[in-house]
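Novice: I would like to see how this sequence folds:
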Amino acid sequence: MATSVVAAPTGTDNKPRLSFWQIWNMSFGFLGIQFGFALQNANVSRIFETLGGTEIALYWLAAPLTGMLVQPIIGYMSDRTWSPKWGRRRPFFLVGAVLASFALLVMPNVSALWMAVGMLWIMDSSINISMEPFRALVGDLLPSEQRTTGFAAQTFFIGVGAVVASMLPWMFTNWFGIANTAPAGQIPPSVKYAFYIGAVAFFTAVLWTVLTTKEYPPADMAEFEEEKRRTAGFWNGIRESFGGIFHMPKTMAQLAIVQFFSWLALFSMWIYTTPAVTSHIYHTTDTTSKLYNEGADWVGVCFATYNGVSAVAALLLPFIARATSRRFTHLLCLVAGGLGLISIYFIQDPKMLLVSMIGVGIAWASILSVPYAMLAGALPANKMGYYMGVFNFFIVIPQVVAGLILGFFTKSVFGGESIYTLILGGISMIISGLLTLRVHDADDIRLPADATLQTSSPGYDTTVESDPRV
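Specialist: Residues are numbered from 1 along each chain as shown. Okay, the predicted model is just below:
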């Protein structure tokens, strides 16, 4: 159903409530974006190992360094973009989708380690071009009382996309008989076909959002044009983008610490789950063996499981947040995720890993929605994309730290046993949950039970629920 979002002024809290299908359409592009991220997260370490790589965490540094450069700049640029036909964020959605789809087609055909690292850089930067404006779009179009729902809708599509994308190599092998092994130094056919499907899914899903969603024009076009003129210039954009880290709102600074520990845990999982599972549970490190590739495929199934759980959990988060608070909801979810990662150490039956992934999926649902919902309420409307981009630093910085120190810990402290790195990630996630209690949530207030807010936009349900955490 192609229901568009009609234009209304921005820069105000008097935004109309959007319907189910309007939120669905504006979030649908995340289905494709997560196809790209899920294929990257579940298979890139496998590709590195297949091509003879040993410093896996170090190779992954290409991705966060790219995000650190791209996301704040894209956010800054999208804040200063307006086209009556294409809007503010949608041009960046489309450009990123074209580039990311191309990278997904090339990645499984690389023949050397340096090519794989380079393609990770290109692929991650392209995905980031599309992703960050999607975060800002929720703040642009939704009133504060619907933002948790908006980010939860994105999380639902992230979960659905990641379930399918993560399982694709396993499905191709077990359902269609496509080989999941290849000669030394070559990528298995099942992985190649998975990336090809991902490229098509990425472009198609993002195009759906571009064609079905309309954006609000600036509230004051003259003021908007004057700000563009005053802040024009590439180097000015660079300076403001990276200077923003020193001028964060209080809530953003508090959330930054929470993000650091939660994303450090996630990167430890994405980088080391394949070597941890294949060595600790399947008891092999031979990347050409059938047993290793069975274990690597099962990691994809595990990742699909936690993303499937997150899709369901995302639908429940607004209700939990309304009954308690966003902070308590995030704490609860992160503790579940931390315990899930730690529990992998005690597992010998691969099927039991799916139980561990339930906790990880609950945490993932919250990480992708609750911090952004809290943040959006603390940001000025005319800098939503900019600050969302700056906020990405606190996803990037823990990944840089992961790339620099996790390899050392794994080799020198844990004796090459990747499973202990996952335990470290679980502890980090629990710490992140506890730190959430320190965050000031501007929208975390209770109004009288019969309180309503009204908007005057025709054609919408104008009754706004009394609790802004929905």
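Novice: Which secondary structure elements does the strand or helix carrying G139 sit against?
Specialist: Assigned by DSSP states H and E, G139 belongs to helix 113-141. Applying 3 or more CB pairs under 8 Å, 6 or more residues apart in numbering; DSSP states H and E, one finds that helix 113-141 contacts helix 20-27, helix 29-50, helix 56-59, helix 62-79, helix 90-106, helix 147-176, helix 370-376, helix 384-391. C-beta here means a position set from N, CA and C on the backbone, and glycine is covered the same way.
Novice: Surely T274 touches V299?
Specialist: Yes - the pair T274 / V299 is scored as a contact, 5.0 Å apart, by CB atoms under 8 Å.
Novice: so what's the most centrally placed residue in the chain up against?
Specialist: Geometric centre of the chain, nearest residue: L368, 6.0 Å, by CA atoms, centre = their mean. Residues near L368 by CB atoms under 8 Å, 6 or more residues apart in numbering: 151, 154-155, 158, 310, 314.
Novice: tell me the average confidence for stretch 255-271?
Specialist: The pLDDT scores in stretch 255-271 average 92.
Novice: From the chain's centroid, how far away is that stretch?
Specialist: Relative to its chain's centre, stretch 255-271 lies at 12 Å (CA atoms, centre = their mean, to the nearest Å).
Novice: Give me the next element, helix or strand, following the helix or strand that G338 is a member of.
Specialist: Assigned by DSSP H and E, G338 falls within helix 326-343. Where DSSP H and E defines the elements, the next helix or strand beyond helix 326-343 is helix 353-367.
Novice: what mean pLDDT does that following helix have?
Specialist: Mean predicted confidence for helix 353-367 is 95.
Novice: And stretch 133-142, by the same measure?
Specialist: Stretch 133-142 comes out at a mean pLDDT of 80.
Novice: Also stretch 26-33?
Specialist: 89.
Novice: And that stretch, what's buried?
Specialist: Judged by neighbour count (16 or more other CB atoms under 10 Å), stretch 26-33 contains these buried residues: 26-33.
Novice: Pretty sure F134 sits against G29.
Specialist: Yes - the pair F134 / G29 is scored as a contact, 6.2 Å apart, by CB under 8 Å.
Novice: can you list residues touching both of these two?
Specialist: By CB under 8 Å, 6+ apart, the residues touching both F134 and G29 are 93, 209.
Novice: quick check, nearest of the contacts of L368 to W21?
Specialist: Ranked by distance to W21 (CB to CB), those are led by Q154 at 15.2 Å.
Novice: residue contacts, the closest one?
Specialist: 27, 30, 134-135, 138, 368-369.
Novice: And I431, by the same measure?
Specialist: Going by CB under 8 Å, 6+ apart, I431 touches F261.
Novice: State the helix or strand in which it lies.
Specialist: Using DSSP H and E, the element containing I431 is helix 418-436.
Novice: how about the CA coordinates for that helix, as CSV?
Specialist: What follows is helix 418-436, C-alpha atoms only, in CSV (Å, rounded to 0.1, in the frame of the first residue of the first chain):
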residue,chain,number,x,y,z
SER,A,418,37.6,-16.4,21.0
ILE,A,419,34.9,-17.6,23.3
TYR,A,420,36.3,-15.5,26.2
THR,A,421,36.1,-12.4,23.9
LEU,A,422,32.3,-13.1,23.7
ILE,A,423,32.2,-13.3,27.5
LEU,A,424,33.9,-9.9,27.7
GLY,A,425,31.3,-8.6,25.3
GLY,A,426,28.5,-9.9,27.5
ILE,A,427,30.0,-8.1,30.6
SER,A,428,30.2,-4.9,28.5
MET,A,429,26.6,-5.1,27.6
ILE,A,430,25.5,-5.5,31.2
ILE,A,431,27.6,-2.4,32.2
SER,A,432,25.8,-0.5,29.4
GLY,A,433,22.5,-1.4,30.8
LEU,A,434,23.4,-0.2,34.3
LEU,A,435,24.7,3.1,32.8
THR,A,436,21.3,3.7,31.2
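Novice: and that helix, which residues are buried?
Specialist: In helix 418-436, counting by 16+ other CB under 10 Å, buried: 418-433, 435-436.
Novice: same deal with stretch 167-178?
Specialist: Result for stretch 167-178 [16+ other CB under 10 Å]: buried residues 167-173, 178.
Novice: Give me the average confidence score over that stretch.
Specialist: On average, the pLDDT along stretch 167-178 is 89.
Novice: Kindly report the same for stretch 377-396.
Specialist: When pLDDT is averaged over stretch 377-396, the result is 73.
Novice: swap in stretch 291-310?
Specialist: According to the model, stretch 291-310 has a mean pLDDT of 87.
Novice: Check which residues of it are buried.
Specialist: So stretch 291-310, judged by 16+ other CB under 10 Å, has buried residues 292-310.
Novice: start to end distance for stretch 406-417?
Specialist: 11 Å (CA to CA, to the nearest Å).
Novice: which residues are contacting that stretch?
Specialist: Under the criterion CB under 8 Å, 6+ apart, residues 55-58, 267-268, 271-272, 276, 279-280, 418, 420-421, 424 lie in contact with stretch 406-417.
Novice: for those residues, which one is nearest N109?
Specialist: Once CB to CB is applied, the member of the contacts of stretch 406-417 that ends up nearest N109 is I56, at 20.3 Å.
Novice: could you point out which element follows the helix or strand of the chain with the lowest mean pLDDT?
Specialist: Between all helices and strands in the chain, the lowest mean by mean pLDDT, DSSP states H and E belongs to helix 234-243, at a mean of 61. Sequence order places helix 250-280 as the next helix or strand after helix 234-243, per DSSP H and E.
Novice: for that following helix, which positions count as buried?
Specialist: Using 16+ other CB under 10 Å as the test for burial, helix 250-280 gives 251-252, 254-280.
Novice: Tell me the one of the buried residues of stretch 26-33 nearest Y216?
Specialist: Nearest member of the buried residues of stretch 26-33 to Y216, counting by CB to CB, is M26, at 11.7 Å.
Novice: Correct me if wrong: the closest one contacts T209.
Specialist: Yes - taking contacts as CB under 8 Å, M26 lies within contact range of T209: 6.1 Å.
Novice: re earlier: spatially, which two of the contacts of stretch 406-417 are the most separated?
Specialist: Maximum distance among these (CB to CB): 21.8 Å, for L58 and H280.
Novice: any idea which helix or strand carries the closest residue to A152 other than its chain neighbours?
Specialist: Distances taken as CB to CB, 6 or more residues apart in numbering place A314 nearest to A152, at 4.4 Å, with adjacent residues excluded. In the assignment (DSSP H and E), A314 maps to helix 290-323.
Novice: same deal with G185?
Specialist: Counting by DSSP H and E, no helix or strand carries G185.
Novice: Count the residues that sit near it.
Specialist: 13 (other CB atoms under 10 Å).
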